[in-house]
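> This is the structure alone, sequence omitted:
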């Protein structure tokens, strides 16, 4: 007897968002808040390291670079692992790495003094690399898993909502630094992922499209789909399939560079790299740059938190507009907003000896809407651009390549601070605005944008 064929993607697209996909999205958001906390942590403790240990701002370069290099390695390796052993198992491996790296950073930081500052910083650099491995894997795997559990009607909005939790988690780091000693920031960043590993380990399901490609998991997939649709429709004997267009090559890396995907891959990589360069300059050095220009530490810290909070409005607001207009024009206009805001930050610091707190904070919020929002857009468009069997690897590779830009950010900042005499801060912000413009142009040229949602 011939098995009944079931298109898993069609089942998912026909299902309501509540309750199962909503529960998965909520778990993802909570995990991404923790990831964002760890990601933005160094931006909030950097000045404390400089002041308490008597080191230079340029000395922060190696520890920031180590975290970004770890993210580059983690994103492609854990994304690839997710295609092999499953999104869920690889995802929870990320949480273990976040726990281990952050807790070890905490114990290293506790032993730090001005006398052994450089030796301690080397230890923290090593453990920050381990933390980076976890941070690198979390986002592409979250993008992949949530993309494969939500219908196409709300997919772009939910992906953006999940990704926007990263900078919101960064704003939580800004709140925490006001209430705990800076060394304890690392302890929090490690213990929270451990708790999430324990709590969500049982509750979070595997990707349905991943299970569809492994016949041994079809009974498990049937149970998951029955929960999704709210009725006993499948028994595991069906021929579950994932129907997707696009030419496949012998290997996932060859596939993303074949004639069907090469142009998308190139422009995704360029846009992702330049946006990451700008994002991590803001994340790790915005507060340091503003205080260098004479703005108070409190206002600079508020500006960095507002930069993080702006992500929610840029990501979610933009995702809603995608449903009506598609991602090409919405994302391009959002990216250009970041160019404008960054240029104006440089302009006001150059033209005004003491720019008003409101002006700096408003521009920081606007830049955060754009630059953090574009990071969410990049993940959504990347996940949309590739087929299921290589999605984790392809999105992870895109994030890994983007780390070229991210790793260049502390190098560029250290080069700037090491210049004698150091150029005025406004020139550095104008340079960053030019990089943001490259993001804008390359994003517009991606051929595989998310189309507007058409009502049937």
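It's in. Here the structure is a predicted model, which means the values were calculated and not measured.
> C-alpha only now, for contacts and for neighbours.
Fine.
> which secondary structure elements does the longest helix along the chain contact?
Ranked by number of residues, the top helix in the chain under DSSP state H is helix 20-53. If contacts are counted by 3 or more C-alpha pairs under 8 Å, 6 or more residues apart in numbering; DSSP states H and E, helix 20-53 sits against helix 117-147, helix 155-176, helix 182-203, helix 218-229, helix 262-292.
> repeat that for 7 Å
Under the contact definition 3 or more C-alpha pairs under 7 Å, 6 or more residues apart in numbering; DSSP states H and E, helix 20-53 sits against helix 117-147, helix 155-176, helix 182-203, helix 262-292.
> Tabulate these (CSV), appending distance to residue 254, mean pLDDT and mean neighbour count.
Output for these, formatted as CSV (distance: least, C-alpha to C-alpha, whole Å; pLDDT from 0 to 100; neighbours: other C-alpha atoms under 10 Å):
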stretch, distance to residue 254, mean pLDDT, mean neighbour count
helix 117-147, 19, 91, 25
helix 155-176, 26, 83, 26
helix 182-203, 34, 93, 18
helix 262-292, 9, 91, 24
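> Is it possible to get JSON lines of these that adds distance to residue 37?
Supplementary listing: these in JSON lines, determined by distance: least, C-alpha to C-alpha, whole Å:
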{"stretch": "helix 117-147", "distance to residue 37": "10"}
{"stretch": "helix 155-176", "distance to residue 37": "4"}
{"stretch": "helix 182-203", "distance to residue 37": "7"}
{"stretch": "helix 262-292", "distance to residue 37": "11"}
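> With residue 84 as the reference, name the closest of those helices.
Distances from residue 84 to each of the helices and strands packed on helix 20-53 were compared using C-alpha to C-alpha; the shortest belongs to helix 117-147, at 12.4 Å.
> got the angle between that closest one and helix 20-53?
170 degrees (axes from the mean of the first three to the mean of the last three C-alpha atoms, to 10 degrees).
> who does helix 117-147 touch, helix- and strand-wise?
Contact here means 3+ C-alpha pairs under 7 Å, 6+ apart; on that basis helix 117-147 packs against helix 20-53, helix 61-85, helix 87-110, helix 155-176, helix 357-385, helix 388-418.
> out of these, nearest to residue 225?
With C-alpha to C-alpha as the measure, helix 20-53 is the member of the helices and strands packed on helix 117-147 nearest residue 225 (9.8 Å).
> Now do residue 3 against residue 241, distance only.
Relative to residue 241, residue 3 is positioned 12 Å away (criterion: C-alpha to C-alpha, to the nearest Å).
> And the helices and strands packed on helix 20-53: which comes nearest residue 224?
The stretch from the helices and strands packed on helix 20-53 with the least distance to residue 224 (C-alpha to C-alpha) is helix 182-203; that distance is 11.8 Å.
> which other helices and strands contact that closest one?
helix 20-53, helix 87-110.
> Please convert the ones you listed to CSV, extending it with mean neighbour count, distance to residue 60 and mean pLDDT.
Conversion of those to CSV gives the following (neighbours: other C-alpha atoms under 10 Å; distance: least, C-alpha to C-alpha, whole Å; pLDDT from 0 to 100):
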stretch, mean neighbour count, distance to residue 60, mean pLDDT
helix 20-53, 22, 7, 91
helix 87-110, 22, 14, 94
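> Make TSV out of these and add distance to residue 263.
Compiled in TSV, the helices and strands packed on helix 182-203 are given as follows (distance: least, C-alpha to C-alpha, whole Å):
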stretch	distance to residue 263
helix 20-53	30
helix 87-110	27
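> coming back round to it: out of the helices and strands packed on helix 117-147, which comes closest to residue 446?
Closest to residue 446 of these, according to C-alpha to C-alpha: helix 357-385, at 8.9 Å.
> For that closest one, what does the pLDDT average out to?
The predicted model assigns helix 357-385 a mean pLDDT of 89.
> Now do the buried residues in that helix.
If you call a residue buried by 16 or more other C-alpha atoms under 10 Å, then helix 357-385 has these buried ones: 360-385.
> mind checking which of the helices and strands packed on helix 20-53 is nearest residue 110?
Using C-alpha to C-alpha, the nearest of the helices and strands packed on helix 20-53 to residue 110 is helix 182-203, at 6.3 Å.
> How about residues contacting that closest one?
The list of residues contacting helix 182-203 from outside it, by C-alpha atoms under 7 Å, 6 or more residues apart in numbering, reads 34, 37-38, 45, 92, 95-96, 98-100, 102-103, 105-106, 109-110, 177.
> at 8 Å what do you get?
The list of residues contacting helix 182-203 from outside it, by C-alpha atoms under 8 Å, 6 or more residues apart in numbering, reads 27, 31, 34, 37-38, 41, 45, 48, 92, 95-96, 98-103, 105-106, 109-110, 173, 176-177.
> so which of the helices and strands packed on helix 182-203 comes closest to residue 289?
Comparing those under C-alpha to C-alpha, the one sitting nearest is helix 20-53, at 10.7 Å.
> could you give the angle of that closest one to helix 61-85?
The directions of helix 20-53 and helix 61-85 differ by 160 degrees, with the same axes, to 10 degrees as the criterion.
> ok, now which ones touch the residue nearest to residue 417 when sequence neighbours are not counted?
The spatially closest residue to residue 417, leaving aside those adjacent along the chain, is residue 58, at 6.2 Å (C-alpha to C-alpha, 6 or more residues apart in numbering). Neighbouring residues of residue 58 by C-alpha under 8 Å, 6+ apart: 413, 414, 415, 417, 418.
> Torsion angles phi and psi at residue 58?
Listed backbone geometry of residue 58 is phi -60, psi -30, with angles given as degrees, to the nearest 10.
> ok, now how distant is it from residue 308?
Between residue 58 and residue 308 the computed distance is 23 Å (C-alpha to C-alpha).
> And residue 5, how far from residue 358?
60 Å.
> now swap in residue 397 and tell me
For residue 397, the distance to residue 358 under the criterion C-alpha to C-alpha works out to 39 Å.
> same question, residue 97
For residue 97, the distance to residue 358 (C-alpha to C-alpha) stands at 39 Å.
> Pull the contacting residues for the closest residue to residue 389 other than its chain neighbours.
Counting by C-alpha to C-alpha, 6+ apart, residue 389 lies nearest to residue 83, which is 6.6 Å off, once chain neighbours are set aside. The contact partners of residue 83, by C-alpha under 8 Å, 6+ apart, come to 210, 389, 390, 391, 392, 393.
> between residue 3 and residue 241, which one's more packed in?
Neighbours per residue (other C-alpha atoms under 10 Å) separate residue 3 from residue 241, with residue 241 holding more: 17 against 9.
> ok, what's across the strand from that one?
Going by DSSP bridges, residue 241 is paired in beta bridges with residue 7.
> Surely it is in contact with residue 7?
Yes: taking C-alpha atoms under 8 Å as the definition, residue 241 is a contact partner of residue 7 at 5.0 Å.
> one step back: got the confidence number for the residue nearest to residue 417?
At residue 58 the predicted local distance difference test score is 79.
> likewise residue 425?
88.
> is it possible to export the helices and strands packed on helix 117-147 to CSV including distance to residue 121?
Shown next, in CSV, are these (distance: least, C-alpha to C-alpha, whole Å):
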stretch, distance to residue 121
helix 20-53, 9
helix 61-85, 7
helix 87-110, 8
helix 155-176, 20
helix 357-385, 28
helix 388-418, 15
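> Cool, thanks, signing off.
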